[in-house]
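A.B. asks: structure for this input, please:
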Amino acid sequence: MTTVASLAIGASAMASAGAALWLYHRGRRSQTDEALALPRFEALRRLPPVAWIVLDFLDDGVVIADESGKIGFCNRSARELIGFDRHDAGRNIAEFFDAPVDDAQCSSWNFRLPRDTGDRRIEARKRRLGGGGFRGLSVYALRDVTERLAAEENLRAANEGLERKVTDRTAELLAMNEKLNDELVRRRDTEKQLSYFALHDPLTGLPNRSLLVNRLGQALELRRREADPTFALLYIDFDDFKSINDSYGHEAGDLFLKEVGARMTRAVRTVDTVSRLGGDEFVILLDRVRGEDEADEVASRVSLELAIPLKLGSGSVVPSASVGLLVAGDEHRSPEDLLRDADLAMYRAKSSGKNSRVIFAAEMRHAAMERMRLTNDLKTALVEGGIELHFQPIVRLGSGELVGCEALARWRHPTMGDVPPDRFIPVAEEEGLIVPLGRFVLMEAARTAAAMRDSGKGGLFIAVNVSARQLVEPDFAEVLVAAVRRHGLPNSALHLELTESAIVENPEKVLPLLQSLVDRGFSVKLDDFGTGYSSLAYLHRFPIKTIKIDRGFVASLGIAGGDDAGERILRGIISLGHELGKDIVAEGIETASQGKTLESWGCDLGQGWHFGRPMSREKWLDHLSGIAPEAT
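C.D. replies: Take a look at the predicted model:
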């Protein structure tokens, strides 16, 4: 019986350029129990054991030989087909098969086949048929299986590497996406926070000016669209807030502002807006009120809520506020109009006294415009020489001897004429013009004192008024000394007149300054005594040489039905001043009888229209020229 099988031959990298023979047959499965023949070639040992197990149990026969035809492996089916046993390992394949026939490339068992030959069929015959067996054998030349497997392995490794890269890159992208999401969330939170702080006060958390202006604009628009929905503003400024910072510290001041903000919020409705403009200024927008009466009721509630004592550190304070109330009208076209008028009402309340409330009136706006014009004109006058000094004589009571004068600033406005000092001096103080005005007075007084000296009246002094603001200027002493030195004057030529308020505002700084000036030869007078604190402690503590009694106490002297209490106060001041070693000057003496009465009470010096009205520099110098030298 002849069995036909096929033999596959191919260049095999597994067998170091040898061949793989695949014997196809349709016979029975080999039942032999022979052990797996181990490969003889080192290159074959790199295959995993499981590969050899699979090859060994195939029904088809598989023979692997090297390039010289030496057999290195033969599976069970091949051993049965060709009668191969383990002792035949290492023998040449030509001993078992005749050379292939009908193939020019394979005329002998030479397995160096070209790598591009592809699969092809080669006929060969088995030599050892074992008493029966094959008449012929089909042999196939195959491509290098190992090379293909290596390529597949490389492809698999490449795929795995690519998958790892894709996995790693995907993980990176996911991580980047997570970071991006976190950054977006953070940016959104930051934008919300920035938006919040752009519209709210960072200290109190209340709406700030920007948000208030926005809501005022909405209220005005609603008022224009609907049937006159009325709203109102409360402009609030806390009295003496600076003293809270000075006394308790800025942390306590911040606590004060937060607490009063919370109190005002509790006192109004949820539809109302409590806002902080800055510093100690707050504005409350009252939505849809029925008029001034309802707005005033809300203002009363706010004041009552604020009046509760507030604990600060080891002490407590009772908040006090000046409130300007404004009900929106047809003349208010913008938020700025509303805030301007409410602010004017607040300042009127502040000037009326602490803890007061004033409702806006149109005349306040006109007064503010006039004040602004006056301020601008005063600035111009200071630059262009519109301010001049007038001089009023000061004499010794009884003898009438001229001892000096007081320099008084006067302003002749080009259109308004003479502007009274009690009108422009407060403007200068409030608008920051008092310092340049005071420097002008010092320089002009020193120039006039030099002219008096040159005319033979060098023994006379000139008294100049000094404001509290001037005293705290770092260079005040230098400016004063420079003024007298410029004209070669003794320091005693200028006397400094201070009000009690100028001393009280900053006593710890003013005391050493005044003492230093007195040590240099300047003389200090306390002006308008009796109208302020009239503190004996200040008379004793500060280096004051002269007390000037306010004209208000002198005005009633010699008038029928005059103020007896005022006269007793006058006599008491004169007596007390002398007990403390002070000279006494009475202002506002307009009649001879007033002068005689004051002289009889022991008053030293007098000043007033009875002795001479204030006169310009030119007239004052002319006046002095008519006085005999011995009278000075």
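A.B. asks: when you work out contacts or count neighbours from here on, use the C-alpha atoms and nothing else.
C.D. replies: Noted.
A.B. asks: tell me the SS of Gly581?
C.D. replies: coil (DSSP: H, G, I helix; E, B strand; the rest coil).
A.B. asks: for it, which non-adjacent residue is spatially closest?
C.D. replies: Nearest non-adjacent residue to Gly581, counting by Cα to Cα, 6 or more residues apart in numbering: Lys545, 7.9 Å away.
A.B. asks: so who does the one you found touch?
C.D. replies: 523-525, 581-583 (Cα atoms under 8 Å, 6 or more residues apart in numbering).
A.B. asks: now do the phi/psi pair for Asp528.
C.D. replies: Main-chain dihedrals, Asp528, degrees, to the nearest 10: phi 60, psi 40.
A.B. asks: report pLDDT for it.
C.D. replies: Here, the pLDDT recorded for Asp528 equals 83.
A.B. asks: going by distance to Phe360, which of the contacts of Lys545 wins?
C.D. replies: The closest of the contacts of Lys545 to Phe360 turns out to be Lys525 (Cα to Cα; 41.1 Å).
A.B. asks: residues touching the residue nearest to Arg447 when sequence neighbours are not counted, list them.
C.D. replies: With sequence-adjacent residues excluded and distances taken as Cα to Cα, 6+ apart, Arg447 is closest to His487, at 6.7 Å. With contacts defined as Cα under 8 Å, 6+ apart, the neighbours of His487 are 446-447, 450.
A.B. asks: how long is stretch 56-64 from one end to the other?
C.D. replies: Using Cα to Cα, to the nearest Å, the end-to-end distance of stretch 56-64 comes to 12 Å.
A.B. asks: which parts of that stretch are buried?
C.D. replies: For stretch 56-64, burial by neighbour count (16 or more other Cα atoms under 10 Å) applies to 56-57, 59-64.
A.B. asks: now intersect these with the strands, please.
C.D. replies: If you go by DSSP state E, those have 61-64 in strands.
A.B. asks: check which residues of stretch 506-513 are buried.
C.D. replies: So stretch 506-513, judged by 16+ other Cα under 10 Å, has buried residues 510, 513.
A.B. asks: average pLDDT across it?
C.D. replies: Computed over stretch 506-513, the mean pLDDT rounds to 87.
A.B. asks: next: stretch 50-58.
C.D. replies: 79.
A.B. asks: cool, stretch 153-173 as well?
C.D. replies: Stretch 153-173 carries an average pLDDT of 90.
A.B. asks: show me what counts as buried in it.
C.D. replies: Result for stretch 153-173 [16+ other Cα under 10 Å]: no buried residues.
A.B. asks: can you count the residues close to Gly595?
C.D. replies: Neighbour count for Gly595, taken as other Cα atoms under 10 Å: 26.
A.B. asks: extract the CA atoms of the helix or strand where it lies and return them as PDB.
C.D. replies: Element membership of Gly595, judged by DSSP states H and E, is helix 592-600. C-alpha atoms of helix 592-600 as PDB (Å, rounded to 0.1, in the frame of the first residue of the first chain):
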ATOM      1  CA  ALA A 592     -13.900 155.600  76.000                       C
ATOM      2  CA  SER A 593     -16.100 154.400  78.800                       C
ATOM      3  CA  GLN A 594     -15.400 150.800  78.000                       C
ATOM      4  CA  GLY A 595     -11.700 151.500  78.000                       C
ATOM      5  CA  LYS A 596     -11.900 153.300  81.400                       C
ATOM      6  CA  THR A 597     -13.900 150.500  82.900                       C
ATOM      7  CA  LEU A 598     -11.400 147.900  81.800                       C
ATOM      8  CA  GLU A 599      -8.500 150.000  83.000                       C
ATOM      9  CA  SER A 600     -10.200 150.300  86.400                       C
END
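A.B. asks: once you drop chain neighbours, what's closest to Ala321?
C.D. replies: Phe238 (4.1 Å).
A.B. asks: got it, and Val274?
C.D. replies: Closest to Val274 by Cα to Cα, 6+ apart is Ile284, at 4.5 Å.
A.B. asks: how about Leu211?
C.D. replies: Per Cα to Cα, 6+ apart, closest to Leu211 is Leu199, 5.1 Å.
A.B. asks: wait, isn't that neighbour in contact with Val213?
C.D. replies: No - with contacts defined as Cα atoms under 8 Å, Leu199 does not count as touching Val213, sitting 10.1 Å away.
A.B. asks: what strand or helix carries the nearest residue to Thr499 once chain neighbours are set aside?
C.D. replies: In space, and not counting its chain neighbours, Thr499 is closest to Asp527: 4.9 Å by Cα to Cα, 6+ apart. In this assignment (DSSP H and E), Asp527 forms part of strand 523-529.
A.B. asks: Leu513 too?
C.D. replies: Per DSSP H and E, Leu513 falls inside helix 507-519.
A.B. asks: for burial, what's the neighbour tally of the closest residue to Gly602 other than its chain neighbours?
C.D. replies: Leaving out its chain neighbours, the residue that sits closest to Gly602 by Cα to Cα, 6+ apart is Ile574, at 6.8 Å. As a burial measure, Ile574 scores 24 neighbours (other Cα under 10 Å).
A.B. asks: gap between the residue nearest to Val274 and Leu480?
C.D. replies: Separation of Ile284 from Leu480 (Cα to Cα) stands at 47 Å.
A.B. asks: okay, and for the protein, where does confidence drop off?
C.D. replies: The model of the chain has pLDDT under 70 over residues 1-47, 66-67, 86, 97-149, 227-228, 532-537, 559-563, 628-632.
A.B. asks: helices or strands up against the longest strand along it?
C.D. replies: Identified as the longest strand of the chain according to DSSP E is strand 402-413. Strand 402-413 sits against strand 387-396, strand 417-419, helix 421-430, helix 434-454, strand 461-465, with contacts defined as 3 or more Cα pairs under 8 Å, 6 or more residues apart in numbering; DSSP states H and E.
A.B. asks: which residues are in contact with the helix or strand containing Val298?
C.D. replies: According to DSSP H and E, Val298 maps onto helix 292-306. Helix 292-306 is contacted by residues 232, 234, 260, 263-264, 267-268, 286, 289, 318-321, 325-327 when judged by Cα under 8 Å, 6+ apart.
A.B. asks: how far off centre is that helix?
C.D. replies: 34 Å (Cα atoms, centre = their mean, to the nearest Å).
A.B. asks: so what are the sheet partners of the following helix or strand past it and their directions?
C.D. replies: Going down the chain from helix 292-306, the next helix or strand is strand 310-312, by DSSP H and E. Sheet pairing of strand 310-312 (DSSP bridges) gives strand 315-317 (antiparallel).
A.B. asks: still on that earlier bit, so which of the helices and strands packed on strand 402-413 is nearest Gln193?
C.D. replies: Short answer: helix 421-430, nearest of the helices and strands packed on strand 402-413 by Cα to Cα, at 38.8 Å.
A.B. asks: check which residues of that closest one are buried.
C.D. replies: Judged by neighbour count using 16+ other Cα under 10 Å, the buried positions of helix 421-430 are 424-425, 427-428.
A.B. asks: which other residues reach that helix?
C.D. replies: Under the criterion Cα under 8 Å, 6+ apart, residues 371, 374-375, 378, 409-411, 433-434, 437, 469 lie in contact with helix 421-430.
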